[in-house]
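Peer 1: pasting the sequence and the predicted coordinates here, then a few questions.
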Amino acid sequence: MKKKLIGFVLGVFSLSIISAASANELKLATFEPPKAFIASKILAAWADKVNNCSAGAVNVKMYAGGVLGSPPKQYDIVTSGVADISWTVLGYIGGQFPLSSVIELPFLTKTSRAGSTALNTLFNEGYLDKEMAGIKVIGLHSNPGYQIHMKSEKVVNPSDFKGKKMRVPSKIAGTILKTLGATGVKVPAPGTSEALNKGVIDGTPFPYTAVGSFRLFDVTKYHTEVNITNATFGLIMNQDKYNSLSSEGKACIDKYSGHAFGDWASRLIDNQNAKMKNEISKRDGHEIIIASDSVIAEYKKILAPIESDWLAEMKGKGLDGDAVLNRARQIIKAIDG
C-alpha cells in the first residue's frame, strides 16, 4: 500500500511538472527549414535569449519547416492560437499591412539595417498602429535589397525581363516584374529551387542570403545586383497569450523586442548577405553582374509610376502614405546614404 501511495504521489508530481512545462511553452512557428539562416541563426537564437532570460517563466520552442502552417498562413496561425509566435512575411498576407509595404518600393533600401530601422521606428512612432492592431509585435525587419537570380539567361537591362517567368514574392514585386514585361509566378520561398529546376520559373528576386537558405546554388548561374525591391517581416505574437504571461515572461520578451530585435537581427542578416555574395563570387559557373548607374537610372524611370500608384492606393484607403514614405526615406538615407 505504501509503495502504491509513493507511486501515486510521484505520478502526480511528474504530471504537475509536465503540465507546468506545457503551460509555459510558447510555440514559435516558421516556414523556413530548420537549418536555414533565419530559422537557425535568428529565430532559434532569439528563443534561447528569451528562455535564458526568463529562467523557466517561458519556454519558447521553435516549430520550423511549416509544420504549423504554410507560408501565407503564418499570420492566421498566430491570431487563431495554433502558434503563439510566428515569423511571417508581411507581403504574403494580402492587404493586411499596406503601410509596412513601403519598404518594398523599388530601390528604396540596400541593407537590412536601413529597412529594419525604418520599420521599427515607424511602428514605435505610431504610423503602423492600425494595421498592427490585435497582435503583439515583437519586432520587424527587412531583408537587404533584392537582386535578380537567373537559371540560365542573364538579366541586366530592363528589356531583358520581357517574356521571363519570374517568382513573385509580394504584390509590389509582382507589379515591378509585370511592368518590366515578365510573367509573374507565385511560388512559396521554400519551393523556389524546385520551381527553377523544373522550369516553372526562369529566375527570382531574392537577397543573397536566400541563395544559401533555399539551396539555389545548383539552379542559378547569373546574379544581377539592382536592389530592385525588398520584403518586410514580422515576429508577431498572439496578444492574449502575451497578456497571460507572468511579469517575468513579459519582461524577457520585451527585452528582446522592437529595435533590440531589429538591430540585432539586421546586423546578422547583412553580414550573412555579404558572406553569401562572396561565396557566390568564388563558385565556378556563377557570375555577379553589377548594374551600372545608367542602367539603374533606366530602371528607375520605367518603375517610377509604382511609387505614385502606391501613394494613390494608400490615399484611397484613408492612409497617409506620403508621411510614411517621407519618414522611411529620412531614416533609410541616414543609414544607406
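Peer 2: Structure's in. What do you need? Numbering: from 1, shown residues only.

Peer 1: next, the residue nearest to Leu68 when sequence neighbours are not counted: phi, psi?
Peer 2: Excluding its sequence neighbours, the residue lying closest to Leu68 (C-beta to C-beta, 6 or more residues apart in numbering) is Ala29, at 4.2 Å. Backbone N, C-alpha and C define where each C-beta goes, glycine included. With angles defined as degrees, to the nearest 10, Ala29 sits at phi -100, psi 140.

Peer 1: ok, Ala29 touching Gly81?
Peer 2: No - if you go by C-beta atoms under 8 Å, Ala29 and Gly81 don't touch, sitting 11.5 Å apart.

Peer 1: more neighbours: the two, which one.
Peer 2: Using other C-beta atoms under 10 Å, the more surrounded residue of Ala29 and Gly81 is Ala29, with 24 against 11.

Peer 1: got the contact list for the more buried one?
Peer 2: When contacts are counted by C-beta atoms under 8 Å, 6 or more residues apart in numbering, Ala29 touches 62-63, 67-69, 74, 77-78, 82-83, 85-87.

Peer 1: now a ChimeraX select for only the buried ones of the residues you listed.
Peer 2: The buried residues among those can be selected in ChimeraX (16 or more other C-beta atoms under 10 Å) with this line:
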select :62,63,68,69,74,77,78,82,83,85,86,87
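
Peer 1: number of nearby residues for Ala189?
Peer 2: For Ala189, using other C-beta under 10 Å, the count is 20.

Peer 1: find the nearest non-adjacent residue to it, please.
Peer 2: Phe214 is the one closest to Ala189 (C-beta to C-beta, 6+ apart), at 6.1 Å.

Peer 1: does that neighbour really touch Leu196, like I thought?
Peer 2: No - in this structure Phe214 lies outside contact range of Leu196 using C-beta under 8 Å: 9.6 Å.

Peer 1: let me see the contact set for the residue nearest to Ala189.
Peer 2: Neighbours of Phe214 in contact, by C-beta under 8 Å, 6+ apart: 36, 189-190, 192-193, 206.

Peer 1: and Ile302, how far from Gly203?
Peer 2: Going from Ile302 to Gly203 by C-beta to C-beta, to the nearest Å gives 18 Å.
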